[in-house]
Structure formats: C-alpha cells, structure tokens
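> could you work out the structure for the sequence below:
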Amino acid sequence: MKVRFLLPTADGKWRNGTLSIDEGGLWLRTLFHRHWIPLRSVRDVRLEEKKRRLVVKHTEIMPPARAGAKTPFTTFISMDVETLRRLERLLLLRMGIDKFDVYFTHAGVGGVLSLEKNLELERGVLMLSDVALWIVGDNSVKRIEWDDIVNVEEKKRSRYKGTEYSAISIDHFENGDVVSSIVITESDTMSALYRHILELFEAYRVKEKLPDVENLILYMIYTGVFGENAAMTLGLSDNELQRHIESLAERGLIEFSGDAARPPKLTKYGIKYVVERSKDGTFGGG
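The predicted model follows:
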C-alpha cells in the first residue's frame, strides 16, 4: 500500500513509498531504499488521528538508522485514518509483548460497575508493554499509558458454567477525566495478569509523603470542600495557608492561578497522590 513515512534518520525528511507486513516485520520501501522494522522490537504503537499518523516506537531497524537518531527509534507513518486504524490493530496483535484473552467493557467517567448486573462485554485481547497497556477488541483499540493509570483494583470473583472468573477495574485519565475500564477473564489467568499489571504499574505509583496539613488541603480540594473558609477550618492563618498552597503547586500536585476567586485544582499527579494515600489509610480509608 502507498504511504508517507518519516524514519528515525538525521535528515528528518518525509518519504513517499510503500508499506507491507510479513510474519517478521514491517517493510517501508522507496524507489531506491528499503527499511525493515522487526515486529519483535516494536514497543509502542500510538494512533494520532488529528495528525493522521501512526507513531511506532521500536528498538531495531534495518539498515541501522544513521547518526543522530535516538534509541528507542520512532517511525511515523501517514495515510488515511481508516487505514491507519487497521494498521494499528494489525501491528498491535503481532507485537512481541505479553497478551491475555479477556472480556472487557469501558464504563466511562466515574464508571462503577456492578458485576451482579448483566454487562455488555466485548471479547478482546489485553496487551502489556513497559510503555502502555492496550485493550484491543474487534472494532476498537484503547491505549492507556502507565502514567495515566490512577488505580488498578481486583473485583469479586464469580462462577459461570463451572468456571471461576475474576475482574479488575483500571481507572485512568482520558481527556482530563478519570474513566474506568473493566477486564474479566478466568481466575487462573487473572492471577498472572493482575500480578503483571501491578509490577509494571509500580514504577508509576506516587510514593511521595506530605505533612498532615498538606494532605488535608489536597483532600479538601479533591472532595470539593476547599473554599473561602479553608484557613479557619484548618486552623491556619491566611499566610500559612498560602505557603502550603505554594508548596503544593511547586511539587506539581495542584494548579493555582493566585486568583482567590478561582480555587486550586488538583493536577493529574495530585489526583494520583490522593488515590494512593486513600489506599494506605492517610485519609482514614485503606
């Protein structure tokens, strides 16, 4: 198929050529040159629909990229969006990373699902690399970066036609909101899958610890009760509260414009911090 592509070379030029895939890799050819990306070396595939391009990150390319290229390599492929969607799915399913057969559903914003209800589940594949996880269905691909995952939690187990199934919820950021995806598979498979997800997620957990008063400030912002009387509620002077607000902003936990009419807002990092500390009992949970 005809395609435009940008290889990880020093000249930074887009080229016109053809693309094909065999069992071992992805071929990108021009009239005078050909490049081969082994599928075993692909670690990330990301579709950027607005830019009409597929971003492929990989650790190998033949012939080797010229001086100036960075490792891991990044190759950009541009075609019409519908063809890119098909290529994205094809590359994902042939990547040399861990894959698990699952049933899944995407619950949306604030999606809390009851496993007792009849869920509309889709059959698919969950894939894991050290960059992201993908949930691939017949007509959909959801890519979730580890840094965007807020929480992973195992749900109750249930038995269906003599087979025990387990579910996990994956809460993650999407367009500024926290949404949930539910993944279900046989309990034996889930044990390995859940353990593997937690191992990869561990590197992105928020491990920072703050003074009690700053924990309370974050929790008040998170629950929407931070207001004009926050200093009085916390037993602080206005100047003391301002210093804590500035400290939290410097740590990247909140956004604060300095305008008293616009209260502080948690950043993505701040939301992840509150969720983590809620799990360890900092806010009375656990």
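> going by C-alpha atoms from here, please, whenever you check contacts or count neighbours.
Fine.
> buried set for stretch 182-198?
Within stretch 182-198, the residues scored as buried using 16 or more other Cα atoms under 10 Å are 182-187, 190, 193-194, 197.
> go on, stretch 88-99?
Quick answer for stretch 88-99 (16+ other Cα under 10 Å): 88-89, 91-93, 95-97, 99.
> where in this structure is pLDDT low?
Applying pLDDT under 70 to the chain picks out residues 10, 66-70, 108-119, 259-261, 283-286.
> sorry, back to before: which of the buried residues of stretch 182-198 sits closest to F32?
Within those, proximity to F32 (Cα to Cα) peaks at I197, which comes in at 43.7 Å.
> which residues touch that closest one?
Counting by Cα atoms under 8 Å, 6 or more residues apart in numbering, I197 touches L128.
> let me have the buried residues of stretch 182-198 in TSV, extended by secondary structure.
Shown next, in TSV, are those (DSSP: H, G, I helix; E, B strand; the rest coil):
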residue	secondary structure
I182	strand
V183	strand
I184	strand
T185	strand
E186	strand
S187	helix
M190	helix
L193	helix
Y194	helix
I197	helix
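> same list (the residues you listed) but as TSV, adding distance to P64.
TSV is the format used below for those (distance: Cα to Cα, whole Å):
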residue	distance to P64
I182	41
V183	39
I184	41
T185	41
E186	43
S187	44
M190	39
L193	35
Y194	37
I197	33
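> and which of the residues you listed is nearest P8?
Nearest member of the buried residues of stretch 182-198 to P8, counting by Cα to Cα, is I197, at 30.3 Å.
> ok, now how distant is that closest one from V178?
18 Å (Cα to Cα, to the nearest Å).
> over to E154?
Taken as Cα to Cα, the span from E154 to V178 is 18 Å.
> next one: F226
20 Å.
> next: V102.
For V102, the distance to V178 - Cα to Cα - is 22 Å.
> now do L133
16 Å.
> do you have the helices of the chain handy? List them.
All helices of the chain, identified by DSSP state H, fall at 81-94, 187-201, 212-223, 230-234, 238-250, 268-279.
> single out the most deeply packed of these.
Here the criterion is mean neighbour count by mean count of other Cα atoms under 10 Å, and of those the winner is helix 268-279, at a mean of 20.
> how far off centre is it?
On the basis of Cα atoms, centre = their mean, to the nearest Å, helix 268-279 sits 16 Å off its chain's mean C-alpha point.
> again with stretch 53-71
With Cα atoms, centre = their mean, you get 23 Å for stretch 53-71.
> what's the answer for stretch 13-20, then?
Worked out by Cα atoms, centre = their mean, stretch 13-20 lies 29 Å from the chain centre.
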